[in-house]
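Trainee: Dropping a prediction and its sequence here:
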Amino acid sequence: MNVKQTANLLGQVAARSVAAVVLLAGLALNAHAADPIKIGAVAPKTGPLAGGATVTQWPNIEMWVKEVNARGGLNMKDGQRMLELIEYDDKTNPGEHMKAVQRLATQDKVDFIVAPYGTGFNVAAAPIYAKYGYPQIAVSAISDKMDELTSRYPSLFFTLGTTTAFVNGVKDILVGMRDAGKIGNKIAMVNVADAFGIELAEAARPIFKDAGFELVYDKSYPLGTPDLSPIMKGAKAAAPDAFVAWSYPPDTFGLTEQAIIEDLDVGAFYTAVATCFPAFGQKFGSKIDGVFGAGGVNPDTDKMKAYFARHKELTGKDADYWASANTYVSLQILEQAIEGVGEVDRNAVTQYIKDNTFDTIMGDIKFENQVSHKYWTVGQWQDGVFRGVASSNMEGAAEIKEKSGWN
Amino acid sequence: MDILISGLLLGGTYVLIAMGLNLQYGVARIMNLANGEMIVLGALASFWVFTSSMVSPLLTLFLVAPIAFVGNWLIYRLLLVPLVRRAKNQGQLEVDSILATFGMSFVLVGIVVSLHGEYFTYSFLASPLSILGTTVALNRLVAFAFAVVIGLVLYLWLNHSRAGMAVRAVAVNPDSAKLVGINVLKVSALAFAVGGAVSAVAGVLISTFITLDASVGVIFTMKALIIVIMGGVGDIRGAIVAALILGLVETAVATLIDPGLTLVSAYLIFLLVLLFKPQGLFGRAQT
């Protein structure tokens, strides 16, 4: 750290302290106002998942709290109450996550907690959320074990879909393209050697085979592999018609770049997480037109248009074309449930979420056995926008666009 | 041929990662666990300059290097000299510097997170080039060329200049170096600063083909540590050879056996070197 940065940092700290004092003074003047509702949030700000959480999770929490407070808070039985946000960094470490939740529950005594970021974290932390009775509306969590988990934890909800649904989304698209004569039946598949990638690859093997596809290349690579060129060379040598990667953000970028360099000539190219990130589009420009990825949105509805605009305005960042919206939806559900109950009663709020339909930016959402079945599974980059092309119960899927090389 | 060329290019990347730490640890005796964060800072600078004003990372290099040099020199003078002064022996200095730089790495991660918590990713020279029938990415080739140049310059400087000789003297034995009139603190500060500058430059180059984020530094530190220890502490040649071996083996394993085994193979070689040549490939036995 050089001197200038130190000075900057100190300056910022000083400025924030002053701001805090002013804020406190303001609060003191409004002492007659109701106590705020305390919202806790634990997610990675550092560690391997931080890059994703900074795009998908944190900005939506920030945006939601700002929006609610801008209109005077949540409408409760005893009048409006503002939100107070308490954030902790779990350092992408499940142990740290548990400690932070414990602290939120026992020290900060927060009223509600935003669900964790990442499949592993949502599953690992479910017992502690359940223990304190916090409704946990999981977003960034994809698993085939949802029924088992929801029956064990009555306050756990899932919104983003199952592993099998994601694989089936990809399979359906590939089958459709094959039947239309656009691709053959050879698939090259790779996955990141991590719970997420391994589970998807294991689900995909039988599904692709049953659909009549042949896996001509099937390998895994460790998270953080610095050079993915041997993998792309291997995949290219197998002469596939489609390339599918169950990948994480750094390798999604890396594999796509290598595919461009090796000029991997496939009719369908799919990478998983982070394909939907605005940074992906910015990095590759028009070259990735026609690339498939996990997720998607229908950016043309009025509600989504307004959401993208507000996200940019309030957080200064672009929302991604997938789970950003789902994350915001989970907060809308929490908000409507708290207002519906009208008081800070976590069990009543959990019950309210189970019993009601919620009006969100992705349309009406209702939970069946604590699982929502409205989500996008596959999206495609089309003229600079990542549009949903396959989904479970979502309207407005775009037509698939044929990929023509890497230009 | 594919393996040889891809492996050498990956090795070049590893050379970049490890050279800075090699100087810092080999000469200044600071086991700098914040070395990876210096790489991340270089990458962030390059990403910022490129995305905001489309300036080539190859120009950013010349901005980043002097800033990193001064920054690291200050870190050494202000933060690390007190540790050097109070250390009774080299072992104590290593322990203290590990703790201090470990803490420093958290501070740096925090700063980078507050500046840009998302991925640093952009496209620069991401175009194919055919060398002897193997397709390589131009950005990796450029990084490799810089690795060769930096390695060569450092080697020549260390072995054929007066200042370099002083640096080597300190690396061999700081106490004896004092006896022949070398200002050990000054030379150590110089080596530390040069090491930091090399790491930051490495970050700039690496960011053209690897997607980094604020927290990824520790992975680079680990890799650098393995290479430095494998090659022999304080020997530029050792670090280069070890980095190239690592690159070649990882690529060979990924191509011929399975990409999933690259990490295993890297640690296996590390283990073998530790077992049979604990002082490293080019290291001198401790006296």
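Mentor: Yep, that arrived.
Trainee: In which helix or strand does the residue in the stretch 301-407 of chain A positioned nearest to chain B reside?
Mentor: Across the stretch 301-407 of chain A, no residue is closer to chain B than A:Lys317, which sits at 7.9 Å (Cβ to the nearest Cβ). Placement of C-beta: from N, CA and C, glycine included. Per DSSP states H and E: A:Lys317 is located in neither a helix nor a strand.
Trainee: and the one helix or strand A:Ala245 maps to, what does it pack onto?
Mentor: A:Ala245 is located in strand A:242-246, with elements delineated by DSSP H and E. Applying 3 or more Cβ pairs under 8 Å, 6 or more residues apart in numbering or on different chains; DSSP states H and E, we find strand A:242-246 packed against helix A:163-179, strand A:186-192, helix A:195-210, helix A:249-262, strand A:268-271.
Trainee: What does A:Pro135 show for phi and psi?
Mentor: Phi and psi for A:Pro135, reported as degrees, to the nearest 10, are phi -60, psi 130.
Trainee: what pairs with the strand holding A:Ala245, and is each one parallel or antiparallel?
Mentor: Applying DSSP bridges, strand A:242-246 is found paired with strand A:186-192 (parallel), strand A:268-271 (parallel).
Trainee: Okay, buried residues for that strand please.
Mentor: Of all the residues in strand A:242-246, those buried under the rule 16 or more other Cβ atoms under 10 Å in any protein chain shown are A:242-246.
Trainee: of these, closest to chain B?
Mentor: The nearest member of these to chain B, counting by Cβ to the nearest Cβ, is A:Ala245 at 11.9 Å.
Trainee: who's in contact with the closest one?
Mentor: The contact partners of A:Ala245, taken as Cβ atoms under 8 Å, 6 or more residues apart in numbering or on different chains, are A:189-191, A:251-252, A:255, A:270-272.
Trainee: how about those residues, which pair is most distant?
Mentor: Of all pairs drawn from these, the greatest distance, 14.5 Å, lies between A:Met189 and A:Thr252 (Cβ to Cβ).
Trainee: by contact count, what packs against the helix or strand harbouring B:Leu275?
Mentor: Per DSSP H and E: B:Leu275 is located in helix B:262-276. Where contact means 3+ Cβ pairs under 8 Å, 6+ apart, helix B:262-276 is packed against helix B:217-231, helix B:236-252.
Trainee: What is the burial count for A:Tyr134?
Mentor: 25 (other Cβ atoms under 10 Å in any protein chain shown).
Trainee: Just the residues contacting stretch A:143-158, thanks.
Mentor: Applying Cβ under 8 Å, 6+ apart, the contact partners of stretch A:143-158 are A:119, A:122-123, A:126-127, A:129-130, A:133-138, A:141, A:162-164, A:199, A:203, A:346, A:350, A:353, A:367, A:369-372.
Trainee: filter those residues down to the ones close to chain B.
Mentor: Near chain B, judged by Cβ under 8 Å from any Cβ of the partner chain, there are no entries from the contacts of stretch A:143-158.
Trainee: which among the residues you listed end up buried?
Mentor: Buried among the contacts of stretch A:143-158 by 16+ other Cβ under 10 Å: A:119, A:122-123, A:126, A:129-130, A:134-138, A:141, A:162-164, A:199, A:203, A:346, A:350, A:353, A:367, A:370-372.
Trainee: rewinding a little: will you turn the buried residues of strand A:242-246 into a markdown table that also has distance to B:Leu33 and pLDDT?
Mentor: Listed next are those as a markdown table, based on distance: Cβ to Cβ, whole Å; pLDDT from 0 to 100:
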| residue | distance to B:Leu33 | pLDDT |
| --- | --- | --- |
| A:Ala242 | 43 | 95 |
| A:Phe243 | 38 | 96 |
| A:Val244 | 38 | 96 |
| A:Ala245 | 33 | 96 |
| A:Trp246 | 33 | 95 |
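Trainee: Take the residues you listed and write them to TSV, including distance to A:Tyr153.
Mentor: TSV is the format used below for those (distance: Cβ to Cβ, whole Å):
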residue	distance to A:Tyr153
A:Ala242	38
A:Phe243	37
A:Val244	32
A:Ala245	32
A:Trp246	26
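Trainee: and the two most separated of those residues?
Mentor: Pairwise distances across the buried residues of strand A:242-246 (Cβ to Cβ) peak at 13.6 Å, for the pair A:Ala242 and A:Trp246.
Trainee: which residue is nearest the centroid of chain A?
Mentor: Nearest to the geometric centre of chain A sits A:Ala323, at 3.4 Å (Cα atoms, centre = their mean).
Trainee: Check the spacing between A:Thr350 and A:Leu83 real quick.
Mentor: As judged by Cβ to Cβ, to the nearest Å, A:Thr350 and A:Leu83 stand 19 Å apart.
Trainee: quick one: low-confidence ranges for the chain?
Mentor: With no chain named, the answer covers chain A. Scanning chain A for pLDDT under 70 picks out the ranges A:1-33.
Trainee: looking at chain B here, not the other one
Mentor: For chain B, applying pLDDT under 70 flags the ranges B:284-287.
Trainee: before we move on, back to that, tell me the contacts of the residue nearest to the centre of chain A?
Mentor: Contact analysis of A:Ala323 by Cβ under 8 Å, 6+ apart lists A:56, A:139-140, A:160, A:276, A:295.
Trainee: picking up where we left off before, specify which member of the buried residues of strand A:242-246 is nearest to A:Pro44.
Mentor: Checking these against A:Pro44 by Cβ to Cβ gives A:Trp246 as the nearest, at 20.4 Å.
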